[in-house]
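S.K.: predicted model, plus sequence, below.
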Amino acid sequence: MATLIGIAKTSKLLAEMEELTEAQIEIDSGLQGDARGTKRQRQISILFEDDWKDACDEVGANLSWLTRRANLFVSGMRAPREPGARIKIGNVELEVRVETEPCDLMDKQHQGLRATLEDDWRGGVCCSVQKPGNIKIGNDVKIVRE
C-alpha cells in the first residue's frame, strides 16, 4: 500500500513551500491556502518518491522533494501515467488531469533537473478535486478503479 509522506503549500507563487502535517482539500480551491488551488487542471500536484529518486539519481544530487514544489509526496507507487486516473488519499479523491510540466525554475534549483523530470512522468501529476476532505501524513494512497 502506498502512503502520503509529505504535504506542502505556497501562499503565493514562487514563495517558499511550507510543509504541513495535515490539510483540508476543497472542491473549489484545492489544498486550502495554496496559491495554485483554483486552477481547475492543476488544483493539486502530486510527486511520487520513486520517480523523484530516479530524477535525483540522474542529476547526481540528493534533493528535498520540496525542490519540485509539489503539494503532495507519495511513497510506494509510481505516478499513474494516464489522465482520468483516480487517486484516493484518506477520504479525498483526486482525478489526474495532466502530467506536471517542469518549468525552468527546476534548473535554477539544480542544473539538469528540468530535463530529467520530463522523462516518464517523473515530475508527477496535476489533479482536480473530485471528493473533498481532510488528509494527513500517513494516509493510505491508492488508485481507484470504477
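M.R.: Now that the structure is in, tell me what you want to look at. Keep in mind it's a predicted model, so treat the numbers as computed, not measured.
S.K.: quick one: secondary structure of Leu14?
M.R.: coil (DSSP: H, G, I helix; E, B strand; the rest coil).
S.K.: give the contact list for it.
M.R.: Applying Cβ atoms under 8 Å, 6 or more residues apart in numbering to Leu14 gives the contacts Leu105. Yep, even glycine has a C-beta here, placed from its N, CA and C like the rest.
S.K.: for it, give its distance to Lys136.
M.R.: The spacing between Leu14 and Lys136, counted by Cβ to Cβ, to the nearest Å, is 27 Å.
S.K.: and the strands in this protein?
M.R.: Per DSSP state E, the chain carries strands over the ranges 2-9, 18-20, 22-26, 30-31, 44-48, 72-75, 86-89, 92-99, 125-131, 133-136, 140-144.
S.K.: distance between the last one and the chain's centre?
M.R.: In other words, strand 140-144. The chain centroid and the centroid of strand 140-144 are separated by 14 Å under Cα atoms, centre = their mean, to the nearest Å.
S.K.: what helices or strands is the lowest-mean-pLDDT helix or strand in the chain leaning on?
M.R.: None of the helices or strands of the chain scores lower by mean pLDDT, DSSP states H and E than helix 105-109, at a mean of 87. Other elements packing on helix 105-109 under the criterion 3 or more Cβ pairs under 8 Å, 6 or more residues apart in numbering; DSSP states H and E are helix 113-117.
S.K.: let's see that with 10 Å instead.
M.R.: Here helix 105-109 touches helix 49-59, helix 113-117, going by 3 or more Cβ pairs under 10 Å, 6 or more residues apart in numbering; DSSP states H and E.
S.K.: just the CA atoms of that helix, as PDB, please.
M.R.: Backbone C-alpha positions of helix 105-109 (Å, rounded to 0.1, in the frame of the first residue of the first chain) are rendered in PDB as follows:
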ATOM      1  CA  LEU A 105      12.700  27.100 -12.100                       C
ATOM      2  CA  MET A 106      13.800  23.400 -11.800                       C
ATOM      3  CA  ASP A 107      17.100  24.200 -13.500                       C
ATOM      4  CA  LYS A 108      17.600  27.200 -11.200                       C
ATOM      5  CA  GLN A 109      17.200  24.700  -8.300                       C
END
